[in-house]
Every structure is written in C-alpha cells, then in structure tokens.
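Dropping the sequence and predicted coords here.
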Amino acid sequence: DGGITQSPKYLFRKEGQNVTLSCEQNLNHDAMYWYRQDPGQGLRLIYYSQIVNDFQKGDIAEGYSVSREKKESFPLTVTSAQKNPTAFYLCASMGQFGTDTQYFGPGTRLTVL
Amino acid sequence: AQKITQTQPGMFVQEKEAVTLDCTYDTSDQSYGLFWYKQPSSGEMIFLIYQGSYDEQNATEGRYSLNFQKARKSANLVISASQLGDSAMYFCAMREGDNRLAFGKGNQVVVIP
C-alpha cells in the first residue's frame, strides 16, 4: 500500500544525545515536510524539501538538521542544541504536479528524560 | 501575525447533529488553498477537505463541507450527521505560494451519544 511511514512510534532520549527520526514515503512525492506539535497546539514547520538534495528551514529549524539523499526518505535529526525537544513529530509529503494536499505519517513521540 | 485563527473552545455535539467549526485566515496572496485535517487521539493527521481560493463552489466531501466566504476570509468546516468516530481535534490550514502550510491551533470536538 502507498503511504508514509515514520519510525519509531515512541522514542526516549537522554539529555545531550542526538537522535534521528525516520520518515519514508512510497507515494512518489517530490516534497517532504517535518512538523513539530506541542500539547494543545497546532503544527509548526521545522524543515521542508521540495526536491532531492535540497531543503529549506521552516519556522523553528534551530537545533534540528535534515538530509534528502533519496526521494523516498527525509530523516530528521534532533540535536543536543534543541533545548526543548519533547514533542510529537509529524512528517508529511506532497506531490508537486497537480496535487495540492499534504499527507501525513503516523508521527513519532519524542520524550527527553 | 497569526495566519490561521481557530478560537472556539472545546465543543460537545450530540450524535447525528451537525457541527460547524470556525476558521478565519489572513493572507495578501490572491492564490491560496485552505485545508481541514482531523487528528484523533492516535495522533495521525487525516486530510478531510480542500478549498482553492479561486473555487467558486464550496467544497464537499461526504459528510464534510466547507463554507468558504472569501470576503470575510473565513473557511468554516461543517460536519453533518455527527458520529462517535468524529470525536477528535480539527485543524484548519492554509497553503500560500511556497507550498508551506500554516496551521491553526485546532478545535476539540467530542460527540456524545
């Protein structure tokens, strides 16, 4: 089935550690996005990529890094520089041609211990 | 400045009744898109309905319809014949020229039998 997968579903990290969240899609979409959601809040854009080997910062990129080496994959690294990383992280993708809708993965809940 | 405003408090709705969720937006673009997503307690974001700024007809998708009032910059979601499974958070979002989405803070809906 076509879709977006994120792993792991739950992730625990000690302070000072980097951690990488996985996002894979088999929808043949060009654009991919990472969002952060805090309790009772909407989604805020961290990074996005409209094409392989290119990505742009969103509204809250500090303390995060991404790569886009393959069309299907857009991993997000939460670095130790991110001061408050405990949140729910959602990945999305969107086709570039004739498709306006972003479709989301199931999310990863990151907790810093 | 906030681009999407959803200010209603949590709503209780009787099963089989209709419910309207308010959304106002702010943009100076002529071309934009408006989206509604549903987020159940599992956390996934489910796309419900889309309205383009040039669409003259209000969008409908099954029990969901979008009451688009361009001059007022509002894009309210109407859910008809509510079901227990409609209990969730609902987010309004807007896409502008760069294909980024700006999200509101959401409306909580609880359907009671």
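That came through fine. Numbers count the residues shown, from 1 in each chain, chains lettered A, B, ... in the order given.

How about residues contacting the helix or strand bottoming out on mean pLDDT in chain B?
In chain B, the helix or strand scored least confidently by mean pLDDT, DSSP states H and E is strand B:101-103, which has a mean of 93. With contacts defined as Cβ atoms under 8 Å, 6 or more residues apart in numbering or on different chains, strand B:101-103 is touched by A:33, A:42-45, A:102, B:3-4, B:35, B:91-96. Glycine gets a C-beta too; all of them are placed from N, C-alpha and C.

which ones among those residues are found in helices?
Judged by DSSP state H, helices contain none of the contacts of strand B:101-103.

for those residues, which one is nearest residue B:46?
The shortest approach to residue B:46 among the contacts of strand B:101-103 belongs to residue B:91, at 10.1 Å (Cβ to Cβ).

List the single closest residue to residue A:32 in space, sequence neighbours excluded.
Nearest non-adjacent residue to residue A:32, counting by Cβ to Cβ, 6 or more residues apart in numbering or on different chains: residue A:74, 3.9 Å away.

wait, what's in contact with the one you found?
By Cβ under 8 Å, 6+ apart, residue A:74 lies in contact with A:23, A:25, A:32, A:34, A:49, A:55, A:66-68, A:91, A:93.

What is the nearest of the residues you listed to chain B?
Distance to chain B across the contacts of residue A:74 (Cβ to the nearest Cβ) is lowest for residue A:91, with 10.2 Å.

who in chain B is up against chain A?
Within chain B, the positions lying close to chain A (Cβ under 8 Å from any Cβ of the partner chain) are B:4, B:33, B:35, B:37, B:42-47, B:50, B:52, B:91, B:93, B:95, B:99-101, B:103-106.

again, only this time at 7 Å
With Cβ under 7 Å from any Cβ of the partner chain as the criterion, chain B meets chain A at residues B:33, B:35, B:43-45, B:47, B:50, B:91, B:95, B:99-101, B:103-106.

The contacts of strand B:101-103 in strands, which ones?
A:33, A:43-45, B:4, B:35, B:91-95 (DSSP state E).

before we move on, the earlier item: which strands border the least confident helix or strand of chain B, and is each parallel or antiparallel?
In the sheet containing strand B:101-103, its partner strands are strand B:88-95 (antiparallel), by DSSP bridges.

what's the burial count for residue B:20?
15 (other Cβ atoms under 10 Å in any protein chain shown).

dump the residue contacts of it.
If a contact means Cβ atoms under 7 Å, 6 or more residues apart in numbering or on different chains, then residue B:20 has B:76, B:78 as its contacts.

What mean pLDDT does the helix or strand hosting it get?
Assigned by DSSP states H and E, residue B:20 belongs to strand B:19-21. With pLDDT averaged residue by residue, strand B:19-21 scores 97.

give the contact list for the residue lying closest to residue A:64 once chain neighbours are set aside.
Once flanking residues are discounted, residue A:64 sits nearest to residue A:46: 5.2 Å by Cβ to Cβ, 6+ apart. By Cβ under 7 Å, 6+ apart, the contact set of residue A:46 is A:34-36, A:58, A:60-61, A:64, A:76.

again, but for residue A:7
Going by Cβ under 7 Å, 6+ apart, residue A:7 touches residue A:22.

Which strand residues bridge it?
Residues in beta-bridge contact with residue A:7 (DSSP bridges): residue A:22.

any idea how far chain B is from it?
Distance, residue A:7 to chain B, using Cβ to the nearest Cβ, to the nearest Å: 14 Å.
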